[in-house]
Each structure stands twice: as C-alpha cells, then as structure tokens.
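A.B. asks: what's the 3D shape of this:
(2 chains)
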Amino acid sequence: MTKTNSDDKELGLYFHAAQQQTPVADDALLARVLADGLAAQKAHVAPAPRARPAGPRWRQLLAALGGWQGLGGLATAGLVGVWLGISPPAGLDALALLEPAAGLELGPFAPAYGLDLVALEEG
Amino acid sequence: MERATPWPMQMPFDSLTELSDDALLALFANGDAGAARALTLRFTPRALAHAQRVLGDAAEAEDVAQEAMMRLWRMAPDWRPGEAQLGTWLYRVVANLCTDRLRKRRTVDIDSLPEWADNAPSADARLQQQQRAAALQQALMHLPDRQRQAVVLRHIEGLANPQIATILGVGVEAVESLTARGKRALGRLLLGRRAELGFDDDQNEQ
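C.D. replies: Alright, predicted model coming up:
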C-alpha cells in the first residue's frame, strides 16, 4: 500500500508538471476561431434576403400592372376598344347618337330663346 | 504610457468576460461581436489544451480546436440555457474529434521516452518540470484513447468524474475504472525505472 501511495505521489508530480505546461492558444489560432465565429454570426443574424423588385424597369412595370395576367387583361380591354371603334355593334349607335342629339335639340331652343329676347327688346 | 481610452470605454468588454457561458452564447446568437470575442478567448484554450494532450500533436490539436469552436458557433442559436454546461459540451466535441482522428491514424508514432528528469540532478526546477511534462505526454500516448482522455480530464484538467462521464458518454464507474487503469499504466511507464532498481513490488497489480 505504501508503494502505491508513493507512486501516486510521484505521479502527482508529473501531473502537476503537465498542469504548469498548458498548451498556449496563439494569436493566429484565436484570430482564425474569431473569424469563424463572426462569419457564422453574420449568417445566423442576417435577415433573409428581401424579395425586392429586381431586374430591369420593364419587369418592375409589369409587376406594377399585375404581372402577365394583369397585362393580358389590359391588352384584351385595349383590343376590345379598338374593335368597338372599327365595327361598333348595332345597339351602340343609339347610345352614340344620344349626345349629339341632345346638342341638336338644344339648337332650336337657342335661336328661339334668342328670338324671345329679341322680341322682348323689340316689344 | 497614457491611456488612450478612458476606463468606461472598456466596460462593455470587461463586463462581457464576467458573464455566464449561457449569457455569452445568447448574446453571440443575437449578433454581439464582443460575445464572439469573449467566447473565443474563454473556450479556445481549453479545447486546444485537451486536444493537444490527447493527440500529442500541436498542429492537429489546433485543427481540432478550431473545428470544435466552429461547431459551437453553429449550434449557438439552438442552445438551450441551463440544460447542460457549455464547457462540458465543448469537451465532449473535442474528445470525439480526437477519437476520430486517432482512429484514422491507426498507429501512433511514439518516440522513445526522453531522459528522466531524475537522472539530471544538475537541471534546474523549471527544466525538470518541462521534462516531467514531456515524459508524461510521451507516456500518455501509450495509453488507449479512452484511458488517456479520462486521465487527462481527471488529473491534468482537474474535472470531476460525473463531468468526465458526460464528456466521454460513459457511466461514472467506467470513468473510475478508466482513470485507475490509466494511472497504473502510467506508473509502470514513468516509474518503471525505479522498479528496475529493485523497489518494485506491484506484480499483483498486473
């Protein structure tokens, strides 16, 4: 037993010596580790990339108009307008004549009104 | 030499070094660069020391330390404070990385043991310490991986058996067994010279 105790004591000297000879982390290693840490941190903390309107202006305009679907609707509306202008359906004539007709109706009144005024002036 | 910055300017860093491991890691995960620095300084030396003592190779130990710290950086956002000790977690990562490397190595290249410090009576105390440490390192390299890790953690790094059990993923009794066998083997390797001189009576320990 005393042998074991003295062995323990002597081994203790070796362990103590090893404790005094701690390997040193040099500046280069610390710098590498820190660089890794900051890079990882950036990856963690950085917000997910925003879906900002990328690409050329025509693509941004397209997006503003509602994408290809929106543009399709817009084109259809435009073509319908052109077609109505070239070949208006029958029902559209009456509607189209309303405004000029109103103007024409006003025509007789104006002279009449004018004549009344003239009559008053004359009377 | 005058101080360029007044004392309060250094407060943030100094106060960081006093924070708990968990608090530092939470700060790090929230993007605090000072916490990254404080964690680097706190844990890299521990990772390096264990790796170097287990691998016996400075360059390899640096690689292991850097890799272990990289794992720490990556897991930071997922860390649950209070569930485990960060130091224990890191030791475990280092221990496993060392085991992987030792397995790949297959054969450990061990030089002959250096001259015993006791045989150099003229050497001063510091040189004697260096020689003892070097002799111990050489002897450690003769031990099986797990024994070596257990002995280093227990007798050089001074950890408690339950913590070592967690690090090595074994029970406390297994740690006791590993360290006991490791110490006996070290005794034979380091104190064998004395045994050769006629003081040996520990055959019953074989």
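
A.B. asks: starting at the chain centroid, how far to stretch B:170-189?
C.D. replies: 16 Å (CA atoms, centre = their mean, to the nearest Å).

A.B. asks: nope, stretch B:15-25 is what I was after
C.D. replies: The chain centre lies 22 Å from the centre of stretch B:15-25; the measure is CA atoms, centre = their mean.

A.B. asks: so who does the residue most central in space within chain B touch?
C.D. replies: Geometric centre of chain B, nearest residue: B:His50, 2.0 Å, by CA atoms, centre = their mean. Applying CB atoms under 8 Å, 6 or more residues apart in numbering or on different chains to B:His50 gives the contacts B:Tyr91, B:Val94, B:Ala95, B:Cys98, B:Gln149, B:Val152, B:Leu153, B:Glu157. The C-beta positions use only the backbone N, C-alpha and C, and glycine is treated the same way.

A.B. asks: any idea how far it lies from B:Pro162?
C.D. replies: Look at B:His50 and B:Pro162: by CB to CB, to the nearest Å, they are 17 Å apart.

A.B. asks: now swap in B:Ala76 and tell me
C.D. replies: Distance from B:Ala76 to B:Pro162, by CB to CB: 25 Å.

A.B. asks: Show me which of the two is the more surrounded one.
C.D. replies: Legend: neighbour count by other CB atoms under 10 Å in any protein chain shown for B:Ala76 and B:Pro162, higher for B:Ala76 (23 against 12).

A.B. asks: Neighbours of the nearest residue to that one once chain neighbours are set aside, how many?
C.D. replies: Excluding the flanking residues, the one nearest B:Ala76 by CB to CB, 6 or more residues apart in numbering or on different chains is B:Ala29, at 4.4 Å. For B:Ala29, the neighbour count with other CB under 10 Å is 19.

A.B. asks: Now B:Ala29: phi and psi?
C.D. replies: Phi and psi for B:Ala29, reported as degrees, to the nearest 10, are phi -60, psi -20.

A.B. asks: What ranges does chain A have for its helices?
C.D. replies: Along chain A, counting by DSSP state H, helices occupy A:2-20, A:27-45, A:57-64, A:67-86, A:90-122.

A.B. asks: Could you chop chain A up by domain?
C.D. replies: When chain A is parsed with automatic domain parsing, its domains come out as A:2-45, A:67-122.

A.B. asks: Pick out the shakiest of those domains, pLDDT-wise.
C.D. replies: Least confidently modelled of the domains of chain A is domain A:67-122, at a mean of 60 by mean pLDDT.

A.B. asks: May I see the buried residues of the strand or helix carrying B:Thr166?
C.D. replies: For B:Thr166, the host element (DSSP states H and E) is helix B:161-168. Along helix B:161-168, these residues count as buried under the neighbour rule (16 or more other CB atoms under 10 Å in any protein chain shown): B:Asn161, B:Gln163, B:Ile164, B:Ala165, B:Thr166, B:Ile167, B:Leu168.

A.B. asks: out of the contacts of B:His50, who's nearest B:Asp21?
C.D. replies: B:Tyr91 (12.5 Å; CB to CB).
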